[in-house]
Each structure stands twice: as C-alpha cells, then as structure tokens.
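Peer 1: pasting the sequence and the predicted model now:
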Amino acid sequence: MSKKESLQTNARQPLRGALVALGLTLGLAACGGGGEAGTAVAGAVTFAAAPSLAPAPSPLPQANAMNVCENYRFGGRDIENLQVPDGARCVLERGVRVDGNVELGNRSEFYAEGVRIGGNLQGQRAAVTLLENSTVGGNVQLDIGGAITLRDNTVGGSIQLKENAGAVHVLSNVVDADIQLFDNRGGVVVQSNTVDGNLQCKENRPAPTGGANRVQGNKEDQCRGL
C-alpha cells in the first residue's frame with residue numbers, strides 16, 4: 001500500500017466510527033432505549049370498552065358476607081360490600097350504590113360509571129380498573145395491577161396507586177386528601193385534578209406527565225411541575 005492510500009484509509013476510519021455511533025444512537029432513540037424520551041403512554045380506558053356481560057341476578061351471590069359480581073353487568077341497585085373475584089369481570093352502570101367497600105381480585109376487570117361507593121375501592125393485581133363520574137367516600141387503593149383510569153370522580157379520602165404495570169390516568173378528579181403515585185411502570189398521566197392535600201409522585205418510570213392540577217398542599221418530587 002502506498003503512503004497516499006494509507007493516509008486515505010486512516011482518514012476514513014474515524015468517519016466510519018462516527019457513522020456507526022450515530023446509527024446506534026438513532027436506533028436507541030427509535031426504540032426508546034436508554035431513557036424516557038419516546039416512551040408513549042397507552043390511552044385511557046373508557047366505559048365504551050366495558051364488556052357486554054350477563055345481567056346480574058337479584059340478589060347477587062354471596063361469599064364471606066359480600067356480594068359477588070362475577071361476570072355480571074348491572075345498574076340502578078343498592079347493595080352492601082361488593083367483591084369481584086379473581087379473574088372475573090364486573091360492570092357497574094349508572095345508579096349503583098355500594099354502601100360499603102369494593103374489593104377487586106387478582107386479574108379482575110372492573111368498569112364503573114356514575115356509581116356511589118360509600119367506603120373504599122381497593123385491589124391488588126387487578127388487570128383493568130375504570131372509575132368515572134362516580135363518588136367514593138373513602139380511599140382508592142390499587143396496587144401491582146394493570147391499566148387504571150380514574151376520571152371525573154369525587155374521592156373523600158386519598159388516591160393511592162403503587163407498582164402498577166399498566167398505563168395510569170388520573171384525570172379531573174376532586175380529592176379531599178392526597179394523590180400518591182409511587183413506582184408505577186406503565187406511564188402515568190395526572191391532569192386537571194383538584195387536591196385538598198398533597199400530590200406526591202416518586203419512582204415512576206417513565207416520570208408522570210400532565211398538568212393543570214390545583215393542589216392545596218404540596219406538589220412533590222416527580223409531580224412538582226404538574
């Protein structure tokens with residue numbers, strides 16, 4: 001190889017390395033790798049997505065002093081505590097009043113619109129939870145589950161959502177205590193809520209998005225700017 005050819009080859013090597021690095025960077029960006037940029041949050045659940053299920057019998061089945069909603073859909077009924085068993089689906093239409101608590105089982109799906117829950121809405125590992133245009137006298141506590149949408153509700157206690165793998169949407173709720181969003185992994189949108197307590201967000205990946213939240217207490221950590 002001549003001296004001239006050797007110089008040309010050496011000059012091309014840095015350029016080739018730069019092009020390879022650029023290609024890797026673009027590939028990571030397209031895949032959302034290496035950071036939170038480019039990570040899209042799945043859309044909010046809507047009541048239109050609620051499944052068509054069999055009408056619930058009257059009275060509902062009972063287990064451990066709780067009414068059991070296992071693959072039923074109903075509205076306009078006053079009941080005591082309600083349980084959605086593991087793997088079951090339950091749809092509550094407008095006018096349902098639950099005087100006590102609603103408990104969601106493992107892999108369950110719960111869709112409710114225009115209902116009143118006197119106590120708490122709570123569950124672990126529920127696959128889907130939708131609550132909209134409703135009133136909860138106590139707390140909403142949902143952990144280690146899937147997709148969650150809470151929209152246009154009035155909550156007498158706190159909203160506490162922890163370690164959920166699905167997309168979380170907390171939209172236009174009025175909350176008498178705190179909203180606490182910790183260690184969720186499917187993306188979090190927190191938008192246009194009115195909170196008498198604090199808005200607390202920690203260790204969610206990606207970080208929450210949203211805004212226009214009116215908070216009487218403090219906006220903390222990841223939600224400081226929302």
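Peer 2: Nice, I can see it. Worth saying up front: this structure is predicted, and the values here are computed from it rather than measured.
Peer 1: residues of stretch 217-226 that come out buried?
Peer 2: K219, D221, Q222, C223, L226 (16 or more other Cβ atoms under 10 Å). C-beta coordinates here come from the backbone N, C-alpha and C atoms, glycine included.
Peer 1: now do the SS call for E220.
Peer 2: Following DSSP: H, G, I helix; E, B strand; the rest coil, we place E220 in the strand state.
Peer 1: leaving out the residues flanking it, which one is nearest to it?
Peer 2: Nearest in space to E220, with sequence neighbours left out and distances taken as Cβ to Cβ, 6 or more residues apart in numbering, is Q200 at 4.7 Å.
Peer 1: for the residue positioned nearest the centre of the chain, name its beta-bridge partners.
Peer 2: Taking Cα atoms, centre = their mean, the centroid of the chain lies closest to V168, which sits 1.9 Å from it. For V168, the beta-bridge partners are I148, V188 (DSSP bridges).
Peer 1: so what's V98 up against?
Peer 2: Neighbour list for V98: I79, E80, N81, L82, V115, R116, I117, G118, G119 [criterion: Cβ atoms under 8 Å, 6 or more residues apart in numbering].
Peer 1: what's the distance between the closest residue in space to L181 that isn't next to it in sequence and K162?
Peer 2: Nearest residue to L181, sequence neighbours excluded (Cβ to Cβ, 6+ apart): C201, at 4.6 Å. Note on C201: its distance to K162, by Cβ to Cβ, to the nearest Å, is 11 Å.
Peer 1: so these two - more neighbours on which side?
Peer 2: Legend: neighbour count by other Cβ atoms under 10 Å for C201 and K162, higher for C201 (24 against 18).
Peer 1: isn't the more buried one right up against G210?
Peer 2: No: the pair C201 / G210 is not scored as a contact, 10.0 Å apart, by Cβ atoms under 8 Å.
Peer 1: who touches both of those two?
Peer 2: V188, V190, L226.
Peer 1: what are the ranges of the helices in this structure?
Peer 2: Remark: helices assigned in the chain by DSSP state H are 3-31.
Peer 1: low-confidence ranges, it, go.
Peer 2: Under the criterion pLDDT under 70, the flagged ranges of the chain are 1-39.
Peer 1: pretty sure Q160 sits against Q141.
Peer 2: Yes: the criterion here is Cβ under 8 Å, and Q160 meets it with Q141 at 4.8 Å.
Peer 1: got a list of what D143 touches?
Peer 2: D143 is in contact with G123, Q124, R125, Q160, L161, K162, E163, N164, counting by Cβ under 8 Å, 6+ apart.
Peer 1: who's it bridged to?
Peer 2: Q124, K162.
Peer 1: please tell me how far it sits from A165.
Peer 2: Counting by Cβ to Cβ, the gap from D143 to A165 is 11 Å.
Peer 1: about what we covered before: nearest to G87, of the contacts of D143?
Peer 2: For G87, the nearest member of those is R125. The distance, counting by Cβ to Cβ, is 10.4 Å.
Peer 1: and for the closest residue to that closest one other than its chain neighbours, the neighbour number?
Peer 2: Leaving aside its chain neighbours, R125 sits nearest to N106 (4.3 Å; criterion: Cβ to Cβ, 6+ apart). Look at N106: counted by other Cβ under 10 Å, it has 15 neighbours.
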